[in-house]
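Novice: Using only what follows, build the 3D model:
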Amino acid sequence: FLMLLSVFAGQLSTRLGAPVLLAFLGVGAFFGEDGPGGIVFNDKSTAFLICSVALAVVLFDGGLRTHMKVFKRSLKPALVLSTVGVLITAVVAGLFTSYLLHLPILQGMLVGSIIASTDAAAVFLLLHQRGIHLKEHVSATLEIESSINDPMALFLTLTCVNLLTAGQAEGGAVAIISLFLKQMGLGAVIGYAGGVWMTHLLRLVKLDVGLYPVVILASGLFVFAGADVVGGSGFLAVYIAGVTFANSGFPKLTLIKQFNDGVAWIAQLVMLLTLGLLVTPSTLGAYAIPALLIAIVLTLVARPLAVWLCLSGSRYAWQEKTFISWVGLRGAIPIYLALVPALSHVEEGQHYFNIAFMIVVVSLLLQGWTINPLARWLGLIEPPKPKAEKP
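Specialist: So this is what the prediction gives:
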């Protein structure tokens, strides 16, 4: 029922110009323990598992939609934004949070790490839900960045949590950097190998036509889980696997994409409803003003600084850098990452969750309503490509 209600609430929010993800979160919160539904759901461990799998599905779908030519062209700037850019954003936002809330630097950096990455689901939906056609390299940069920056944000979050709980990072700075390189390297290699394996698997076996999408989705989740088990980034692996398979020339790709698009919608609904149910709205009032100020600094200072530094000397015009700076959308990912401190028994872990939730709400309200007008004002919208006429 909540999924059905979310679909229609999302359609209504789109008509009003509001981000559809906000409607999904709102439905979950409305029917939670403070709402008329009275659904009490406090199992953060289960929520983390649900959201991990759902995010893997969303990233796999994003990979299936990415053309290799565009991927290669936009990979370098997107990679810099998803690593160095996330680090710069986390540091600036973290220092401001520490100053604003009178927190120790490390706790402020934990907040900065949680909110540093852009959200793939939010970017995909808000760039496509109204059918606007951005310049290809701009939209590709945003989509690829949002798909591959989650490992960096998760890595920074876990590092801060380990420092807070253990008092030091095991092995020091060298070990931290080595672990990050291992996660990214294994994730990329396993993802590419997984995409190639999927292609060969489906060329070797004959299946009922309806089973091809099921096998591909199950294979994508297998790659995600396998990379995670051996110490790689499952999120990066599943996205790379999607890109690799989508550009293999498999004849039933259209059917597979249509199926995965529907499953990705289900995954987004389930993820946002789950996170919405976790929230206790009556406790959020105390976080409203700090979250608003942090979101403003994040949007107007931290993200633009990261983008302009990372893209300095690149081919991007100032209009394109401005737009990429503004579309640093926060969605389910910061709320998902904010579960890590609570699950790791960091002192006052629930506070990180509440702050992240409010920052996401502010980000979606502030940026979600303004993407289309800003793109038009900056002259970044291109007319849709004409469809070839049938003979």
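
Novice: what residue ranges in this protein are flagged as low confidence?
Specialist: Low-confidence segments of the chain (pLDDT under 70): 14, 16-18, 126-132, 167-173, 382-391.

Novice: Find the helix or strand that the closest residue to Val346 other than its chain neighbours is a member of.
Specialist: Leaving aside its chain neighbours, Val346 sits nearest to Leu164 (5.4 Å; criterion: Cβ to Cβ, 6 or more residues apart in numbering). From N, CA and C alone the C-beta is placed, and that goes for glycine too. Counting by DSSP states H and E, the element that carries Leu164 is helix 150-166.

Novice: what about that helix, distance to the chain center?
Specialist: Relative to the mean C-alpha coordinate of its chain, helix 150-166 is positioned 17 Å out (Cα atoms, centre = their mean, to the nearest Å).

Novice: After it, heading C-terminal, what element do we hit next?
Specialist: Next in line after helix 150-166, if elements are assigned by DSSP H and E, sits helix 172-204.

Novice: quick one: buried residues of that following helix?
Specialist: 176, 179-180, 183-184, 186-188, 190-195, 197-199, 202 (16 or more other Cβ atoms under 10 Å).

Novice: Run through the neighbouring helices and strands of that helix.
Specialist: helix 150-166, helix 212-229, helix 234-246 (3 or more Cβ pairs under 8 Å, 6 or more residues apart in numbering; DSSP states H and E).

Novice: What is the second one packed up against?
Specialist: Using 3+ Cβ pairs under 8 Å, 6+ apart, the elements in contact with helix 212-229 are helix 44-64, helix 172-204, helix 234-246, helix 253-278.

Novice: closest to Leu21 out of the ones you listed?
Specialist: helix 253-278 (6.1 Å; Cβ to Cβ).

Novice: Extract the CA atoms of stretch 344-353 and return them as CSV.
Specialist: Extracted C-alpha coordinates of stretch 344-353, given in CSV (Å, rounded to 0.1, in the frame of the first residue of the first chain):
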residue,chain,number,x,y,z
SER,A,344,29.0,1.1,15.0
HIS,A,345,27.9,2.3,18.4
VAL,A,346,29.4,5.7,18.0
GLU,A,347,28.3,8.0,20.9
GLU,A,348,25.0,9.8,20.1
GLY,A,349,24.8,8.0,16.7
GLN,A,350,21.1,8.9,16.2
HIS,A,351,22.1,12.6,16.0
TYR,A,352,24.1,12.0,12.8
PHE,A,353,21.0,10.3,11.3
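
Novice: Next, the contact list for the most centrally placed residue in the chain, please.
Specialist: Centroid check for the chain by Cα atoms, centre = their mean gives Asp119 as the closest residue, at 2.7 Å. By Cβ atoms under 8 Å, 6 or more residues apart in numbering, the contact list for Asp119 reads Ser146, Leu329, Arg330, Gly331, Ala332, Ile333, Pro334.

Novice: Report the spatially nearest residue to it, omitting neighbours in sequence.
Specialist: Nearest one to Asp119, counting by Cβ to Cβ, 6+ apart, is Gly331 at 3.1 Å.

Novice: Okay, the one you found and Ala317: tell me how far apart.
Specialist: 27 Å (Cβ to Cβ, to the nearest Å).

Novice: Looking at the two, which one has more neighbours?
Specialist: Shown here are Gly331 and Ala317; by other Cβ atoms under 10 Å, Gly331 has more neighbours (32 against 14).

Novice: Include mean neighbour count and distance to Ala291 when you put the helices and strands packed on helix 172-204 into a markdown table, please.
Specialist: Listed next are the helices and strands packed on helix 172-204 as a markdown table, based on neighbours: other Cβ atoms under 10 Å; distance: least, Cβ to Cβ, whole Å:
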| stretch | mean neighbour count | distance to Ala291 |
| --- | --- | --- |
| helix 150-166 | 21 | 18 |
| helix 212-229 | 20 | 31 |
| helix 234-246 | 29 | 25 |
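
Novice: can I get the ones you listed in JSON lines with distance to Gly85?
Specialist: Formatted as JSON lines, those follow (distance: least, Cβ to Cβ, whole Å):
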{"stretch": "helix 150-166", "distance to Gly85": "9"}
{"stretch": "helix 212-229", "distance to Gly85": "23"}
{"stretch": "helix 234-246", "distance to Gly85": "16"}
